[in-house]
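J.: Generate a structure from the sequence data that follows.
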Amino acid sequence: MVASAATSSFFPVPSPDSGAKNSKNGNGNSKLGLKSKSAAAGLQVKANAQAPPKINGTSVGLATVEIGKHGDDMHGLTQSPPARTFINQLPDWSMLLAAITTIFLAAEKQWMMLDWKPKRPDMLIDPFGLGRIVQDGLVFRQNFSIRSYEIGADRTASIETLMNHLQETALNHVKTAGLLGDGFGSTPEMSIRNLIWVVTKMQVKVDRYPTWGDVVQVDTWVSASGKNGMRRDWIIQDCKTGQILTRASSVWVMMNKLTRRLSKIPNEVRGEIEPYFVNNPPVVEEDGRKLQKLDDNTADFVRTGLTPRWSDLDINQHVNNVKYIGWILESAPLPILESHELSSMTLEYRRECGRDSVLQSLSAVSADIGHLASTGNVECQHLLRLEGGSEIVRGRTGWRPKKPNNLGIMGGFPAESA
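T.: Down below sits the predicted model:
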């Protein structure tokens, strides 16, 4: 209807009588109007010509003839409207404006019908996942929705997914605080000196894994760690219940990205980051036990030939630390992965890994693999090393039995059918 109104404003629709008028007017005959006889008495007909006729090359006005009940009697002549010119042939702008207004009002009504407010309290509060600074500017908070491609066979998010969320919030914290230089998480003063952050130790405690569609809230902050280190802590909570799902604590030091050697924190860099330090203890209690060094004789399972892909490298041209976790779990025995879930993890990073490296993953299990059902919690020792023997990461993982509803079920259907 709106389109018809807009079209009619540009192209006026001729009246049904126009053809008859033109045929009667001809080439400028002396008749000035139409004569019409009506079957009903007293009927009056008014007819206006659409184009002014010409007499001897001169345009003349038209008159309207009123025809009475006798048909041939002329009661009077009325001067017709002036001839149509370029000006009065322009579209009716008022009708065009009315059509445009109608379109915009309809669009506005449809837009207002969209409700951007969460329908449920467990829905994403921050729909665009931008994050924000809270608690006097010292804590960064960001929400994540667990996607379908982030869950495993038991319908829960993988440990790599959680670790990626931790890394993302750490970088966004630096960016939101205005400390991001031209490096990957480096401050402006660090960028000037070619310094980057590298993680040396990571401790993670997982109380419960989120599932597909859950929305989690990640809080992170930084603290001092010795003279030349920085500690970063995280807490992952369920947005719906507020339950703490995961706690993680890490230690970071600086490395020169050109020489690949560790560096002290320059005073200029310390002046940038110290105002954001929080004087809180680590969220994960320090595990003082020494990580065991494995070899071919002490390892129960060995996986060889692991090589990084191009997509495994970060902007600093070394393998992302989250990738190491996946390689460590490559040598974990399948019975443990099927019946248990990762509950804790301690990693010590010894050396970086390049894109041309070939690695081996070694694991040792503290329990009898054949009697896992009655064992309960299981602990494993891990080592990730180069083929030449140089250590990359030492680790220790804790495993707890999976809940019954996570065993062999995927989306309410047996795993074999899924």
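
J.: wait, is Gly370 part of a strand?
T.: No: using DSSP: H, G, I helix; E, B strand; the rest coil, the assignment for Gly370 is helix, not a strand.

J.: Could you check the pLDDT of it?
T.: You'll see Gly370 listed with a pLDDT of 71.

J.: ditto for Cys353
T.: So, for Cys353, pLDDT stands at 87.

J.: I'd like the distance between the closest residue to it other than its chain neighbours and Arg309.
T.: Nearest-residue entry for Cys353: Val319, 4.3 Å, with adjacent residues in sequence omitted and distances by C-beta to C-beta, 6 or more residues apart in numbering. Where C-beta positions appear, they are placed from N, C-alpha and C, glycine not excepted. Going from Val319 to Arg309 by C-beta to C-beta, to the nearest Å gives 9 Å.

J.: higher neighbour count, the two?
T.: Between Val319 and Arg309, counted using other C-beta atoms under 10 Å, Val319 has the larger neighbour count: 21 against 9.

J.: contacting residues for that one?
T.: By C-beta atoms under 8 Å, 6 or more residues apart in numbering, the contact set of Val319 is Pro308, Asp312, Leu313, Glu352, Cys353, Gly354, Arg355, Ser357.

J.: Heading C-terminal from the host helix or strand of Lys323, find the next helix or strand.
T.: Assigned by DSSP states H and E, Lys323 belongs to helix 321-330. Following helix 321-330 in sequence order, the next helix or strand is helix 334-339 (DSSP H and E).

J.: SS state for the nearest residue to Asn377 once chain neighbours are set aside?
T.: Leaving aside its sequence neighbours, Asn377 sits nearest to Arg400 (C-beta to C-beta, 6+ apart; 5.3 Å). Three-state call for Arg400 (three-state DSSP): strand.

J.: ok, now how distant is Arg400 from Glu379?
T.: 11 Å.

J.: so the residue nearest to Asn377 touches Ser339, yeah?
T.: No: taking C-beta atoms under 8 Å as the definition, Arg400 is not a contact partner of Ser339, at 10.1 Å.

J.: Arg394 - that's part of a strand, no?
T.: Yes: per three-state DSSP, Arg394 lies within a strand segment.

J.: how many neighbours does it have?
T.: Arg394 is flanked by 21 other residues according to other C-beta under 10 Å.

J.: Name whatever forms a beta bridge with it.
T.: Assessed by DSSP bridges, Arg394 has beta-bridge partners Glu348, Leu383.

J.: Contacts only, for it.
T.: Leu291, Gln292, Lys293, Leu347, Glu348, Arg350, His382, Leu383, Leu384.

J.: Relative to Lys290, how far out is Pro333?
T.: 23 Å.

J.: For the two, indicate the residue with more neighbours.
T.: The neighbour comparison of Pro333 against Lys290 (other C-beta under 10 Å) goes to Pro333, with 15 against 9.

J.: just to revisit the earlier point, emit the PyMOL select command for whichever of the contacts of Val319 are buried.
T.: To isolate the buried members of these in PyMOL, using 16 or more other C-beta atoms under 10 Å:
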select buried, resi 308+312+313+353+357
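
J.: Now compare the contacts of Val319 and name the two farthest from each other.
T.: Maximum pairwise distance among those (C-beta to C-beta): 12.2 Å, between Asp312 and Glu352.

J.: secondary structure class for Phe184?
T.: Counting by three-state DSSP, the backbone at Phe184 sits in coil.

J.: just to revisit the earlier point, looking at the contacts of Arg394, which one is closest to Gln237?
T.: Closest approach between the contacts of Arg394 and Gln237, by C-beta to C-beta: Leu347, at 22.9 Å.

J.: avg pLDDT for stretch 198-211?
T.: Averaged over stretch 198-211, pLDDT sits at 96.

J.: that older thread, could you say what helices and strands the helix holding Lys323 packs with?
T.: Other elements packing on helix 321-330 under the criterion 3 or more C-beta pairs under 8 Å, 6 or more residues apart in numbering; DSSP states H and E are helix 159-176, strand 301-306, strand 340-349, strand 359-365, strand 378-386, strand 391-401.
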